[in-house]
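**Student:** Predicted model, plus sequence, below.
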Amino acid sequence: MQIEGQRDPTGWRLRLDAPQLAGRIGIPARPTLAEPVSLDLDRLVLAEDEETPSASESRAERAPPANPATLPPLKIHVGELRQGELRLRQVQARTLPQTRGLLVQDIQADSGHLALRGEGSWLLDGGNRHQTSLALNLSSANVGEALGELGFQNTLQRGRLEDTQLSLRWADAPDRFGWAILEGEARFNVHDGALESVEPGAGRVLGLLSVAELPRRLLLDFGDVFGEGLRFDRIAANLRFQDGRAISELTQLNGPSAQIYMKGYSDMIQRTLHYDMVVVPALGNVLPIIGTVAGGPLVGGAVFLLQKVFDQVAGELSGFNYRITGSWDAPLVERVETTQ
């Protein structure tokens, strides 16, 4: 790494240049909210931290994280942030010191077709345990292009991402994120797109919705209905993160040729899928009831009612029931015959 520095009465100005890190850092003599420490980086490449069953043990063996309450105010800008296949541009944030840590405000990032906005915090609780939280809003005018920019080609055509929020928290420092300690909720809404016969690796992205193998399997069973792809008007999913799992009470796909309902979970550590699915190629009498309920927030009694309706549909349409298992990279979609 090449480092150039200059000091004057106002503080330090540094320039860094390395394959993983390049840019400028400004450190005022007395950082304040009006004059924070400035990180203006051209690029930042983070190492991939693959989650494994032993990840929590290796995480505990690391050196203790910094005390967030001792950090000065920061103003952050990263021209390009990369971690594995993830690439974000124009990442921005600023921090506001607190008695027990810091708040992260005005979080912004862009991948070209995916915009991210939000806020967060890094605090110590009463027992001096680290707690990180993030509240993010995502939007995209073309989800298919956004996934391509993230390294996943041919997974989805078009698609408009709206009304999509993530509320995430984990009991550790921000750089010690892990699926095993993640808790929170997410709501996804994608409109007007099409699922193609995706490549196996795309399961890492679509595993949360368990649709990685849907087009290929449904074309086998309903070729006359779906043609060459699975068009949809809307995909809606409410997820809960707990114990290393992304749990879906109900994921719903509404399209001109079919209604699809899924429930289950993805094991984010073992990278496996565990879902039940109902496919209805034509609207039935019970579907308007489901659509009416699913159109509102999935909270409280609505979740219970949707669960009952799902069980009823699954029981009545035995010829169109599926079970999705296997790994993210090799999902298995099987027809399930139910007894009346």
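**Tutor:** Arrived safely, thanks for sending. Residues are numbered from 1 along each chain as shown.

**Student:** so when I look at L81, I'm seeing a helix, right?
**Tutor:** No: counting by DSSP: H, G, I helix; E, B strand; the rest coil, L81 falls outside a helix, being strand.

**Student:** which residues does it contact?
**Tutor:** By Cβ atoms under 8 Å, 6 or more residues apart in numbering, the residues touching L81 are R43, L44, L46, R87, L88, R89, V91, A109. For glycine as for every other residue, the C-beta is placed from the backbone atoms N, C-alpha and C.

**Student:** so the fifth one bridges to which residues?
**Tutor:** Judged by DSSP bridges, the bridge partners of L88 are L81.

**Student:** Can you select the buried ones among the contacts of L81 for me in ChimeraX?
**Tutor:** The ChimeraX selection below is limited to those of the contacts of L81 classed as buried (16 or more other Cβ atoms under 10 Å):
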select :43,44,88,91,109
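
**Student:** And L103, which helix or strand is it part of?
**Tutor:** Using DSSP states H and E, L103 falls within strand 101-110.

**Student:** For that strand, buried residues please.
**Tutor:** So for strand 101-110, counting by 16+ other Cβ under 10 Å, buried means G101, L102, L103, V104, I107, A109.

**Student:** For it, which outside residues touch it?
**Tutor:** By Cβ under 8 Å, 6+ apart, strand 101-110 touches 68-69, 71, 81, 88-96, 115-124, 134, 136.

**Student:** which is the next helix or strand following that strand?
**Tutor:** Scanning forward in sequence from strand 101-110 by DSSP H and E, the next helix or strand is strand 115-124.

**Student:** Report the angle between that next one and strand 101-110.
**Tutor:** 160 degrees (axes from the mean of the first three to the mean of the last three Cα atoms, to 10 degrees).

**Student:** list the helices and strands strand 115-124 packs on?
**Tutor:** Here strand 115-124 touches strand 86-98, strand 101-110, strand 130-140, going by 3 or more Cβ pairs under 8 Å, 6 or more residues apart in numbering; DSSP states H and E.

**Student:** Look up phi and psi at the closest residue to P36 other than its chain neighbours.
**Tutor:** Once flanking residues are discounted, P36 sits nearest to P73: 3.7 Å by Cβ to Cβ, 6 or more residues apart in numbering. Per-residue torsions, P73: phi -60, psi 140 (degrees, to the nearest 10).

**Student:** now do A63
**Tutor:** phi -60, psi 150.

**Student:** Distance-wise, check it relative to R176.
**Tutor:** A63 sits 11 Å away from R176, going by Cβ to Cβ, to the nearest Å.

**Student:** for R234, same thing?
**Tutor:** Distance of R234 to R176, computed by Cβ to Cβ: 36 Å.

**Student:** R62 reaches R176, doesn't it?
**Tutor:** Yes: taking contacts as Cβ atoms under 8 Å, R62 lies within contact range of R176: 7.3 Å.

**Student:** These two: which has the busier surroundings?
**Tutor:** R176 (18 against 11; other Cβ atoms under 10 Å).

**Student:** State the distance from the more buried one to A18.
**Tutor:** 23 Å.

**Student:** now do D329
**Tutor:** Taking Cβ to Cβ, one finds D329 at 33 Å from A18.

**Student:** more neighbours, the two?
**Tutor:** Set D329 next to A18 and count neighbours by other Cβ under 10 Å: D329 wins out with 14 against 11.

**Student:** you'd agree the more buried one is in a helix?
**Tutor:** No: D329: not assigned to a helix; according to three-state DSSP it is coil.
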